[in-house]
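Asks: Starting from these lines, generate the structure:
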Amino acid sequence: MLNNVKLRVEDLRVWFPVRRGLIEFLQRKPQKFVKAVDGISFYIKKGEIFGLVGESGCGKTTTARALMRLIEPMGGKIFFYGEDGPIELTSLNKKQLKKFRTKIQMIFQDPYESLDPKQSVFDALSEPLKVNKLVKNSKELLERILSVLEDVRLYPPESFIDRYPHELSGGQRQRVVIASALVLNPEIILADEPVSMLDVSIRGEVLRILLELKEKRGLTYLFITHDLSLARVICDRIGVMYLGKIVETGSSEEVIKNPKHPYTKALVSVIPVPDPTIKREKIILKGEVPSPMDVPSGCRFHPRCPYFKEGVCNKEEPTLMEISKEHLVACHLWEDI
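Replies: Numbering: from 1, shown residues only. Coordinates of the predicted model:
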């Protein structure tokens, strides 16, 4: 077991049952499941930014929601390491979970949908403090809200507390969403593509805010993105997901500069390079991502893999194996590629 781990996930599975028709029910056909997350394991160190990357629909957001238990996992364990030792989140009842949620918060992808249009900024930020009984009086409540608005660079904070979401720009709305996650003083932030809905000119500023808050508050991040170039800059380590599985994980520099899994190689090959003199071959994957309701046998990437080997890749599912320090890959042929 590594030292200084803040969050550890073991064999997490999130399956959604598919509704059966009347004929299927009468014929007693077996229940089918959408295997959104299908047995993933990873850890996040204290003060680290761990990135989950991959195509849309690979299970990144479902993983984050399961860590918050906004979606109940079908199997696996989630451990949070605090001052009093590890807490197994999957075993907490509703009362215990409510108390724990102050320690782990989520920044959602769409800032407009994650804010109630009928609530002012003050109402949105004061509600979690009141529900969790973290302030003694209205003066302390106002001070805490003004302080967190300053932390996300909404100046002067007094001019924002009475505004509603439609009165804010996209960047301002996202900063309010970040403030609502920070107002409870959490230890872990799950950031689900926090800048994907923003203009390019605003993204840099929001990312700087997230990095500054990490240093100021000692936060630990799970950073979800489909942009590998962004993950390389922001994240300390990266986990690459494909069809509900983590296929490669390691330091951001190692995974980007020395990818071992064919899927990671394909993702890295299409990252834009700001030098027109550099030419490299792009790996364009064939076919479409299989349905998570009908996962291929063996390696689930084999129908699209350019290095597919009959009788090996389609027979046995590969497991993550360590090929160098903290660099793991799930591929039968990684040494031959």
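
Asks: And the pLDDT at Val289?
Replies: Val289 carries a pLDDT value of 88.

Asks: actually Glu253, sorry about that
Replies: For Glu253, pLDDT reads 94.

Asks: Can you tell me the SS state at it?
Replies: helix (DSSP: H, G, I helix; E, B strand; the rest coil).

Asks: That one and Asp236, how far apart?
Replies: Distance, Glu253 to Asp236, by C-beta to C-beta, to the nearest Å: 10 Å. Heads up, the C-betas are built off the backbone N, CA and C, glycines and all.

Asks: Between the two, point out the one with more neighbours.
Replies: Asp236 (16 against 13; other C-beta atoms under 10 Å).

Asks: hey, where'd the helices end up in the chain?
Replies: 22-26, 60-68, 94-100, 121-131, 138-151, 170-182, 200-217, 228-234, 252-257, 262-269 (DSSP state H).

Asks: which strands and helices sit next to the fourth one?
Replies: Okay, so that is helix 121-131. Contacts defined by 3 or more C-beta pairs under 8 Å, 6 or more residues apart in numbering; DSSP states H and E place helix 121-131 against helix 138-151, helix 170-182.

Asks: on that earlier part again, export the helices of the chain to a markdown table and append columns for distance to Ser159.
Replies: Compiled in a markdown table, the helices of the chain are given as follows (distance: least, C-beta to C-beta, whole Å):
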| stretch | distance to Ser159 |
| --- | --- |
| helix 22-26 | 58 |
| helix 60-68 | 32 |
| helix 94-100 | 33 |
| helix 121-131 | 10 |
| helix 138-151 | 10 |
| helix 170-182 | 11 |
| helix 200-217 | 18 |
| helix 228-234 | 30 |
| helix 252-257 | 38 |
| helix 262-269 | 43 |
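
Asks: Poorly predicted segments of the chain, please.
Replies: The chain contains residues with pLDDT under 70 at 1-2.

Asks: most centrally placed residue in it?
Replies: Ile224 (3.6 Å; C-alpha atoms, centre = their mean).

Asks: My read is that that residue contacts Ile49, right?
Replies: No. In this structure, Ile224 is not within contact of Ile49 by C-beta atoms under 8 Å, at 11.1 Å.

Asks: picking up where we left off before, determine which of the helices and strands packed on helix 121-131 approaches Val37 most closely.
Replies: helix 170-182 (22.2 Å; C-beta to C-beta).

Asks: how about that closest one: buried residues?
Replies: Burial within helix 170-182, assessed by neighbour count using 16 or more other C-beta atoms under 10 Å, is assigned to Gly171, Gln172, Arg173, Gln174, Arg175, Val176, Val177, Ile178, Ala179, Ser180, Ala181, Leu182.
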